[in-house]
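Novice: Quick one, structure for this:
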Amino acid sequence: MAKEFDPNSTDITTFLSDIGVRLRDIEEKQNLIKDRVLLISDNLVFEKEETSKELTNLKAKIFQLEEEIKKLKLTLERVIDDSGNFVRKNEFQILQRQFEMFQPLKLATIEDVKNLVKEALKKQK
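Specialist: Numbering: from 1, shown residues only. Got it, this is the predicted structure:
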């Protein structure tokens, strides 16, 4: 004989209430996991945006630094090229000594020599 279904039976009621409790627990866990996933995704989006901004700033700084390095290289090349045109200290000292020995302002003119010769001739007579 088949058992008849008795809705007031304690076994079935307990079983159904136990399933209901478990179902609510699972739904709560699912909601918690959903909230955590949403929070994690928000954090990931924020971090991605921040990283993207930092990367853009770093690229701009690198470009600026590269330009400054190029300018410095050009300036350094000019200085090196121009340094060949400068006189070294010892070369300058040699030229200075030669100039002091020569002293063009103290040289006698032709008229001075003629006058000296005339005076010398007068003294001899």
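Novice: now the strands for the protein?
Specialist: Assigned by DSSP state E, the chain shows no strands.
Novice: any idea how far residue 21 is from residue 73?
Specialist: According to C-beta to C-beta, to the nearest Å, residue 73 stands 76 Å off from residue 21. Where you see a C-beta, it was placed from the backbone N, CA and C, and this is true even at glycine.
Novice: Kindly report the same for residue 80.
Specialist: For residue 80 relative to residue 21 (C-beta to C-beta), the value is 86 Å.
Novice: One more: residue 85?
Specialist: From residue 85 to residue 21 the distance is 96 Å (C-beta to C-beta).
Novice: who has more neighbours, those two?
Specialist: residue 21 (10 against 6; other C-beta atoms under 10 Å).
Novice: Check what pLDDT that one gets.
Specialist: Turning to residue 21, the model gives it a pLDDT of 94.
Novice: Same check on residue 36?
Specialist: 96.
Novice: Adjust the sequence numbering to begin at 58 for everything that follows.
Specialist: Will do, 58 is the new start, and the previous item becomes residue 93.
Novice: could you measure it against residue 116, distance?
Specialist: When residue 93 is compared with residue 116 (using C-beta to C-beta), they lie 34 Å apart.
Novice: can you list contacts of the helix or strand of the chain with the lowest mean pLDDT?
Specialist: In the chain, no helix or strand scores lower on mean pLDDT, DSSP states H and E than helix 146-159, which sits at a mean of 83. Helix 146-159 is contacted from outside by residue 144, using C-beta atoms under 8 Å, 6 or more residues apart in numbering.
Novice: Keeping just the C-alphas, turn that helix into CSV.
Specialist: Taking Å, rounded to 0.1, in the frame of the first residue of the first chain, the C-alpha atoms of helix 146-159 are listed here in CSV:
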residue,chain,number,x,y,z
LYS,A,146,97.5,78.4,-20.6
ASN,A,147,101.1,77.5,-21.4
GLU,A,148,100.7,78.7,-25.0
PHE,A,149,99.3,82.0,-23.7
GLN,A,150,102.2,82.4,-21.3
ILE,A,151,104.7,81.9,-24.2
LEU,A,152,102.9,84.5,-26.3
GLN,A,153,102.8,86.9,-23.4
ARG,A,154,106.6,86.5,-22.8
GLN,A,155,107.3,87.1,-26.5
PHE,A,156,105.1,90.2,-26.5
GLU,A,157,106.9,91.5,-23.4
MET,A,158,110.3,90.9,-25.1
PHE,A,159,109.2,92.6,-28.3
